[in-house]
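Novice: Build the 3D model from these lines:
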Amino acid sequence: MKTYRDLIVWKKSMSLVTQIYQFTKTFPREEFYGLVSQIRRCAVSVPGNIAEGYGRRSTDDYLRFLQIAISSLYEIQTQIEIALNLRYLTNDKFQSLYESTREIERMLSSLIRKVRGK
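Specialist: Prediction:
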């Protein structure tokens with residue numbers, strides 16, 4: 001592996017960002033500076049922290065940034081459930097986003113275990 005761009009988890013988290021941006025376009029205008037902004041920031045944080053952690057020269061730093069990425073996923077999961085409850089997302093869209101976050105969460109957990117084992 002030459003770069004963080006080779007990580008499948010980074011690629012999938014980049015795809016999640018695109019999904020989040022597409023789905024939040026339909027949210028009410030009054031949510032633009034509220035829920036939309038928060039969900040988008042969290043989504044961008046996931047691949048951003050994977051990349052930043054990869055660029056660190058310390059295993060401890062890398063692990064810390066991977067943990068931050070998982071924390072951002074938990075925030076996204078909570079926020080999309082709020083959006084579902086407010087009927088900003090259909091159940092199908094919610095399930096699609098939620099499954100994407102769960103897949104990335106599992107991949108990050110696996111990566112963390114591998115990095116810890118080194």
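Novice: How far away from the center of its chain is stretch 24-33?
Specialist: 19 Å (C-alpha atoms, centre = their mean, to the nearest Å).
Novice: residues of it that come out buried?
Specialist: Buried residues in stretch 24-33, counted by 16 or more other C-beta atoms under 10 Å: 24, 27, 31. Heads up, the C-betas are built off the backbone N, CA and C, glycines and all.
Novice: Sort out which one of those lies nearest R41 for me.
Specialist: Using C-beta to C-beta, T24 is the member of the buried residues of stretch 24-33 that sits closest to R41, with 11.2 Å.
Novice: What's the separation between the closest one and N85?
Specialist: Plainly put, T24 is 15 Å away from N85 if you go by C-beta to C-beta, to the nearest Å.
Novice: Tell me the secondary structure at S13.
Specialist: The local conformation at S13, judged by DSSP: H, G, I helix; E, B strand; the rest coil, is helix.
Novice: Contacts only, for it.
Specialist: 46-47, 50, 69, 104 (C-beta atoms under 8 Å, 6 or more residues apart in numbering).
Novice: quick one: pLDDT of it?
Specialist: pLDDT for S13: 98.
Novice: ok, it to C42 distance?
Specialist: 11 Å.
Novice: still on that earlier bit, ok, the contacts of S13 vs K114, which is closest?
Specialist: Using C-beta to C-beta, the contacts of S13 come closest to K114 at I50, 13.5 Å.
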